Structures are given as C-alpha cells and as structure tokens.
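# Give me a 3D structure for the following:
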Amino acid sequence: MSQTIRIAGAGLAGLATAHELLKRGCEVVLYDLADGPGQGSVARYAGGMLAPFCEGESAEDEVVQLGQKAADWWAQITRVTKRGTLVLAPPRDRAELSRFARMTQGHRSVDADALAALEPELAGRFAKGLFYDSEAHLDPRRALRDLCATVEQAGGVIHWNSPAPDGAEIVTTGMAAPLPGLRPVRGEMAILHCPDVTLTRTIRLLHPRMPLYLVPRGDGHYMIGATMIESSSDRPASLRSLTEMFSAAFTLHPGFAEAAVLETGTGLRPAFDTNLPRITRHGHALHLNGFYRHGFLLVPAMAARLADQFLKETRDETACERATA
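Okay, the predicted model is just below:
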C-alpha cells in the first residue's frame, strides 16, 4: 500500500495499531503530544496483568475470549512472565472466594500446602485459593518502550511533541477523543520496594473494602492497585485510598509494612457504557478507544481488528473509485 497512514496518538492503542499495520505492509506515521513512549499514556499506570479468566468475574465473555492470545502477542515484543494468577481472600471473606470461583473459569482450587509450594512466602497465611495457571503479566512501562522500538524498527515513524495533522486516518487518543458516550474511570496505583518479600506471580486479594492486585516487577519491586474505582477525578490518590491499598497489602503479607513507597499515581481510563473497547468511525477517522481497565489484555486483538477493517475499507473505496471513473 503506497498510502501513508497517519495515527493520532502513540500510546498503547496507537502503537499496537501501528504494529499491526506494519505487519500488513503499510507505511505508518504516528503523532503524539508526549515527550516519549508512555509519557502521556494512562497505560503507564496499568497493572500489566494478562489475566483473561480472572477478568471473567466482572467482564463480558468477549473480554475472556479476546484476551486469551494476548500473552503470546506480547511475548514477541517484550518480556512476559507466565506464572499464573493467585486469587486469595482472608478467612472472613471466604465466601468471596467461592463467588469468584463460580464466576470464572480456567482455575483450580489450591489448599494451604499447594499455596505454600506456589509462593513459599505465603505459607501458613491462607487456607485456600484459586490458581489460574495459564495467565501472565508484564511490566507496562517496559512493554510500551519495547513496542515503540518494535514499531520504529519495522519502519514506523513517530513524531513526539507533535499534534496530529487534520485528516489523520486513525485516532487513538483516549480521553482526549471527541467520542460520544466516552467516560473516565479512575485507576490508582503505587509502586513499592520490599526486598524482604519475594512473590513471583500476580496476586488478587479479595479484600472487603478495596479488592487489591499485586504484580511483581522484579528485584523486590511490586505494583499494587485497586481493581475498580468509578470516579472521574484526576486529583492525586487520597489518603483514604492509599491507606486501604496498603492495608490490603499488609493483609497479604505483613512484610509489606516495611516497604518503601517509590511512587503513587492515578490515571483516567477511557470507557464506554459496556466497558468494552470499540472501533468507531467518527467524522473522517476510525477511532479505537474505550479499553477501560483491559488495555494490555485486549489491545492485541482490537489493534488487529482495526488494521483489517481499515485496509478493507480502503480497498473498497479504491474499487468504488475505479468503478465510477
């Protein structure tokens, strides 16, 4: 294809779409107002969990289905840790664990001995859990940098600190996009350094006030976050919210009481009413937006879908022009 495809936004969705178009032999140029990969993207605050079966607890079946190939897609671009997901609950919230098991698939129940074998640091702390052995996780910031490098190595051009020109064919600008029905959903996270605690896989703790996920980043670093906060405020994380997150981390393992808090952050994630991403034509451009909290999980499938749709529409328009010439 001789046409150069212009993409507004070089965040997670824009880079993934560029990657898929480049694989199909297209020429791609991206424009972004940020200074570099991930700098202006809400994806930098993501957990990086590639956990389609766990998401089935509250998400549509489409999320579970589309997300199952995400780990393999990302493994061609960046480091992916495939050690599964553990779902745990304090004894007083055992009923939540049973409910989570009923709502999801792809897991097996584990007792205290099995938990200790999977994560020795948790020995004696939980009597039961759920293990989703096919799930994985990645480091979002590293993944964004590696995806950016992959796009550039394949011939994609990225203009940082640059607004997209009028007439860009594809728009992936998150909450900045003028799409009807798009709403912000707040995400909060903290990065801890706790070398005295060694956990190797994603853990979800079904805490009564704030369900928590904890993702190891290596070298004693952990990212913790709240699974769901329905708020449009972009202010820094509140003392109450951070206290509840840290309390949940302490419930998981008391060693986190000595953790150094390296960073806290919040981001507004774009979502539609269904909490599913959409490819929509708005004006002259195709938009990919509305990933809610499923960005790294669903962007591989949605970017491929967008690339195929764009090329099909372009071929159809060319055929129509030739027929009427």
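
# Tell me where the stretch 101-250 of the chain has helices.
112-118, 140-153, 239-252 (DSSP state H, counting those that start in this stretch).

# Just put the ones you listed in a markdown table and tack on mean pLDDT.
Rendered in a markdown table, the data for these read as follows (pLDDT from 0 to 100):
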| stretch | mean pLDDT |
| --- | --- |
| helix 112-118 | 97 |
| helix 140-153 | 98 |
| helix 239-252 | 89 |
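
# Please identify the most buried of those helices.
The highest mean neighbour count among these, using mean count of other C-beta atoms under 10 Å, belongs to helix 140-153: a mean of 19. (C-beta placed from N, C-alpha, C; glycine too.)

# what does that helix rub up against?
10-12, 15-16, 18-19, 22, 28, 30, 36-38, 41, 43-48, 74, 77-79, 158, 296 (C-beta atoms under 8 Å, 6 or more residues apart in numbering).

# let's see 7 Å
Contact with helix 140-153 is made by 12, 15-16, 18-19, 22, 37-38, 41, 43-44, 46, 48, 74, 77-79, 158, 296, as judged by C-beta atoms under 7 Å, 6 or more residues apart in numbering.

# Quick one: buried ones out of these?
Buried members of the contacts of helix 140-153, counted by 16 or more other C-beta atoms under 10 Å: 12, 15-16, 18-19, 22, 37-38, 41, 43-44, 46, 48, 74, 77-78, 158, 296.

# In strands only, show me those.
With strands taken from DSSP state E, the overlap with those comprises I158.

# for the helices of the stretch 101-250 of the chain, which one sits closest to A303?
helix 140-153 (10.3 Å; C-beta to C-beta).

# Alpha carbons only: can I get that closest one in CSV?
Extracted in CSV, the C-alpha atoms of helix 140-153 (Å, rounded to 0.1, in the frame of the first residue of the first chain):
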residue,chain,number,x,y,z
PRO,A,140,3.7,-1.8,31.3
ARG,A,141,6.4,0.8,31.0
ARG,A,142,8.9,-1.6,29.6
ALA,A,143,6.2,-3.0,27.3
LEU,A,144,5.4,0.5,25.9
ARG,A,145,9.1,1.2,25.3
ASP,A,146,9.6,-2.2,23.6
LEU,A,147,6.5,-1.8,21.5
CYS,A,148,7.7,1.7,20.4
ALA,A,149,11.1,0.2,19.5
THR,A,150,9.4,-2.6,17.5
VAL,A,151,7.3,-0.1,15.6
GLU,A,152,10.4,2.0,14.7
GLN,A,153,12.5,-1.0,13.7
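
# How many neighbouring residues does the residue nearest to T251 when sequence neighbours are not counted have?
Closest residue in space to T251, ignoring its immediate chain neighbours: P90 at 5.9 Å, by C-beta to C-beta, 6 or more residues apart in numbering. With neighbours defined by other C-beta atoms under 10 Å, the count for P90 comes to 17.

# How much space separates P90 from A101?
16 Å (C-beta to C-beta, to the nearest Å).

# Repeat that for P52.
Counting by C-beta to C-beta, the gap from P52 to A101 is 16 Å.

# who's more crowded, those two?
With neighbours defined as other C-beta under 10 Å, P52 and A101 compare such that P52 has more, 27 against 17.
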